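Enquirer: Below are the sequence and a predicted model; questions follow.
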Amino acid sequence: MSLLLQHAAKLITRRALPLKTASRCCYSIDAELGDGTEVLVERLQGKQQGITVLGLNRPAAKNAFSRGMVNTFTDILQDIKRDNGSRVVVLRSLTPGIFCAGADLKERKGMTAEETKEFVTQLRSLLISIEQLPMPVIAALDGAALGGGLEMALACDIRTAASNAKMGLVETRLAIIPGAGGTQRLPRILSPALAKELIFTARVLDGAEAKQLGLVNHVVQQNDTKDAAYQQAVKLAEEILPNGPVGVRMAKLAIDKGMQVDLSTGYSIEEVCYAQVIPTKDRLEGLAAFAEKRKPVYKGE
């Protein structure tokens, strides 16, 4: 078995642990780095149970990434990764008109070159953690997603955007490059030529332009409450919820790992992932529900 297949096998056999449920909570961090409410976690209830919403909440800085926010977010993702109750994650902003302005340039200005390098490495690791969450992650862009903000959205599986949202990898305007994965994810989502054009020019797109290029899955007209993209993201999450959570997670893993290898190896990864759903109770429940002409009740087991 190749090293990639061995890695995939380790990922799919890792057991998830349930978390205590709560409608909304925040994570505390070092007082010198943040106030502990920069990322809010909300677990929706009722028919939307299983949807976990991560709300960026740093309005004074336009949700820009500070060291404190990165630390907070990293801790949250470690918990969610082990949470069987989270079937879909929605990433949104709680600040109207902005998704994320990228790195906190005011904080960056006071960093040494070595501190800057360390911070970018931490931010890149954070976005990789978003990308590698086992459940689907949907980014809702109801406002500007620039630089690292768009890089974060690119790390998600699906993106929704309001028509008036602005997005772009604008780092070359500051004589730097997208350093948190943008140079790698954008050409894989679009094409190398398109990604080069957007990054070289630092072009900013609106929601409709982003949809035309394939940068976002859905574009919607903004509403009076400035959360149209979030509402669309929740609708998508509701479509995912009825399906077998183990199957959804394995499908994500098969796609993500398969895209990194040749087609033949991709088939082998798919085979390994399929093998994980065969012994599950959910698979038997799906067959029973089909035979009995009723809706299945999946438990992620």
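Expert: Okay, I see it.
Enquirer: Contact partners for the nearest residue to residue 286 once chain neighbours are set aside?
Expert: Excluding the flanking residues, the one nearest residue 286 by C-beta to C-beta, 6 or more residues apart in numbering is residue 296, at 5.0 Å. Every residue, glycine included, has its C-beta placed from N, CA and C. With contact taken as C-beta atoms under 8 Å, 6 or more residues apart in numbering, residue 296 is in contact with 242, 244, 282, 285-286, 288-290.
Enquirer: Please check those residues and keep the buried ones.
Expert: 244, 282, 285-286 (16 or more other C-beta atoms under 10 Å).
Enquirer: Only alpha carbons, please: show the lengthiest helix in the chain as CSV.
Expert: Longest helix in the chain by number of residues (criterion: DSSP state H): helix 113-131. What follows is helix 113-131, C-alpha atoms only, in CSV (Å, rounded to 0.1, in the frame of the first residue of the first chain):
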residue,chain,number,x,y,z
ALA,A,113,10.6,39.1,10.0
GLU,A,114,11.0,35.8,12.0
GLU,A,115,7.7,36.5,13.8
THR,A,116,5.9,37.2,10.5
LYS,A,117,7.2,33.9,9.1
GLU,A,118,6.0,32.0,12.2
PHE,A,119,2.6,33.7,12.0
VAL,A,120,2.1,32.8,8.3
THR,A,121,3.0,29.2,9.1
GLN,A,122,0.4,29.1,11.9
LEU,A,123,-2.2,30.6,9.6
ARG,A,124,-1.4,28.1,6.9
SER,A,125,-1.8,25.3,9.4
LEU,A,126,-5.1,26.7,10.5
LEU,A,127,-6.5,26.7,7.0
ILE,A,128,-5.2,23.2,6.4
SER,A,129,-7.1,22.2,9.6
ILE,A,130,-10.3,23.6,8.1
GLU,A,131,-9.6,21.8,4.8
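Enquirer: Need the three-state assignment for residue 297.
Expert: coil (DSSP: H, G, I helix; E, B strand; the rest coil).
Enquirer: Next, the contact list for it, please.
Expert: By C-beta under 8 Å, 6+ apart, the residues touching residue 297 are 285, 289.
Enquirer: Look up how far residue 155 lies from it.
Expert: 32 Å (C-beta to C-beta, to the nearest Å).
Enquirer: Ok, residue 115 next?
Expert: Using C-beta to C-beta, we find residue 115 at a distance of 23 Å from residue 155.
Enquirer: Who has more neighbours out of the two?
Expert: The neighbour comparison of residue 115 against residue 155 (other C-beta atoms under 10 Å) goes to residue 155, with 23 against 13.
Enquirer: can you give me the offset of stretch 274-290 from its chain's centre?
Expert: For stretch 274-290, the distance from its own C-alpha centre to the chain's C-alpha centre is 27 Å (C-alpha atoms, centre = their mean, to the nearest Å).
Enquirer: Which elements pack onto the helix or strand following the longest helix of the chain?
Expert: Note on helix 113-131: by DSSP states H and E, the next helix or strand toward the C-terminus is strand 137-141. On a contact count with 3 or more C-beta pairs under 8 Å, 6 or more residues apart in numbering; DSSP states H and E, strand 137-141 meets strand 88-93, strand 98-100, helix 148-154, strand 158-162, helix 228-240.
Enquirer: how about stretch 48-60 as PDB, C-alpha atoms only?
Expert: Extracted as PDB, the C-alpha positions of stretch 48-60 are listed here (Å, rounded to 0.1, in the frame of the first residue of the first chain):
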ATOM      1  CA  GLN A  48     -31.200  21.800  11.700                       C
ATOM      2  CA  GLN A  49     -29.500  19.800  14.500                       C
ATOM      3  CA  GLY A  50     -26.100  18.600  13.200                       C
ATOM      4  CA  ILE A  51     -25.200  22.000  11.700                       C
ATOM      5  CA  THR A  52     -22.400  23.700  13.500                       C
ATOM      6  CA  VAL A  53     -21.900  27.400  12.800                       C
ATOM      7  CA  LEU A  54     -18.600  29.100  13.300                       C
ATOM      8  CA  GLY A  55     -19.100  32.900  13.500                       C
ATOM      9  CA  LEU A  56     -16.100  35.200  13.000                       C
ATOM     10  CA  ASN A  57     -16.600  38.000  15.500                       C
ATOM     11  CA  ARG A  58     -13.900  40.600  15.400                       C
ATOM     12  CA  PRO A  59     -15.800  43.600  14.000                       C
ATOM     13  CA  ALA A  60     -13.300  46.300  15.000                       C
END
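Enquirer: I am finished for the moment; much appreciated.
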